[in-house]
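Engineer: the sequence and its predicted three-dimensional model are supplied below.
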Amino acid sequence: MNSNFHKQILIGGLAGLLVFVLVYVFLGGKRDDLSALKGANTALKQDVDRGYALKDIYEKLRIKVAQHEKEIEELVSIMPTDTDRGEIPYRIKKLADASGIEQVSFSLLPPIAKDYYTEFPVQFTFRAGYHTLGQFTSLLSGYGKIINLTDLQMKRDTTNPLYPVSVTCKVSAFVYNPAKPAAAPVPAGAARKPASPVKKDSGD
């Protein structure tokens, strides 16, 4: 009995070991597949996260671009046109008269071209009082178009009690220049026009 019992235990143990080995071998490939799928799933999740991050960045950049375009449109709308800048001497004269100062002279200076605008400076000479000059600059700051007052120089004039200050300054108008389209590139293989053949004298 004991011998048969031990044989049964031994046979059962061997059978269990055989089943374990078969299961281990059979499931080994499945475990590798599972590891590969888990790795691929992790990589996909990372790609999805990057996609959401890029989408978020894109939306933020799109909003910023729209804001900048709106600001540019607003600035362009208050930049002087060619017609406006041609009327600058007349407009400045009206502001001077309204302030109680005398415009003595003006001279157009050469324009200065920039990337997106051209500056058109005008040199002015005025006779003024200190308070009336302050009123003039205040009116100038409220001008409806983008202009700039620079190179302001004041010199006291004791010979004229009505206008005790001689003033020179430069007023510039900035005219917007839209970006010019780039010139079309010449194809590398474009054929050049052949030179005219030179005729040789035969000597006859």
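Structural biologist: Happy to help now that I have it. Residues are numbered from 1 along each chain as shown.
Engineer: helix or strand: which one has residue 174?
Structural biologist: In the assignment (DSSP states H and E), residue 174 maps to strand 165-176.
Engineer: residues of that strand that come out buried?
Structural biologist: 165, 166, 167, 169, 170, 171, 172, 173, 174, 175, 176 (16 or more other CB atoms under 10 Å). For every residue, glycine as well, the C-beta is placed using N, CA and C.
Engineer: again, but for stretch 92-103
Structural biologist: Residues 92, 95, 96, 99, 101, 102, 103 are the ones in stretch 92-103 that count as buried (16+ other CB under 10 Å).
Engineer: need phi/psi at residue 58.
Structural biologist: phi -60, psi -40 (degrees, to the nearest 10).
Engineer: before we move on, back to that, can you add pLDDT, secondary structure and distance to residue 139 and give the buried residues of stretch 92-103 back as JSON lines?
Structural biologist: Shown next, in JSON lines, are the buried residues of stretch 92-103 (pLDDT from 0 to 100; DSSP: H, G, I helix; E, B strand; the rest coil; distance: CB to CB, whole Å):
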{"residue": "92", "pLDDT": "89", "secondary structure": "helix", "distance to residue 139": "10"}
{"residue": "95", "pLDDT": "90", "secondary structure": "helix", "distance to residue 139": "5"}
{"residue": "96", "pLDDT": "91", "secondary structure": "helix", "distance to residue 139": "9"}
{"residue": "99", "pLDDT": "90", "secondary structure": "helix", "distance to residue 139": "6"}
{"residue": "101", "pLDDT": "92", "secondary structure": "coil", "distance to residue 139": "10"}
{"residue": "102", "pLDDT": "92", "secondary structure": "strand", "distance to residue 139": "15"}
{"residue": "103", "pLDDT": "92", "secondary structure": "strand", "distance to residue 139": "13"}
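Engineer: and of these, the nearest to residue 151?
Structural biologist: Of all the buried residues of stretch 92-103, residue 151 sits closest to residue 92, with 14.5 Å by CB to CB.
Engineer: test my guess that that closest one contacts residue 99.
Structural biologist: No - using CB atoms under 8 Å, residue 92 makes no contact with residue 99, being 10.4 Å away.
Engineer: circling back to that earlier point, can I get the buried residues of stretch 92-103 in JSON lines including distance to residue 46?
Structural biologist: Formatted as JSON lines, these follow (distance: CB to CB, whole Å):
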{"residue": "92", "distance to residue 46": "64"}
{"residue": "95", "distance to residue 46": "65"}
{"residue": "96", "distance to residue 46": "69"}
{"residue": "99", "distance to residue 46": "68"}
{"residue": "101", "distance to residue 46": "71"}
{"residue": "102", "distance to residue 46": "75"}
{"residue": "103", "distance to residue 46": "71"}
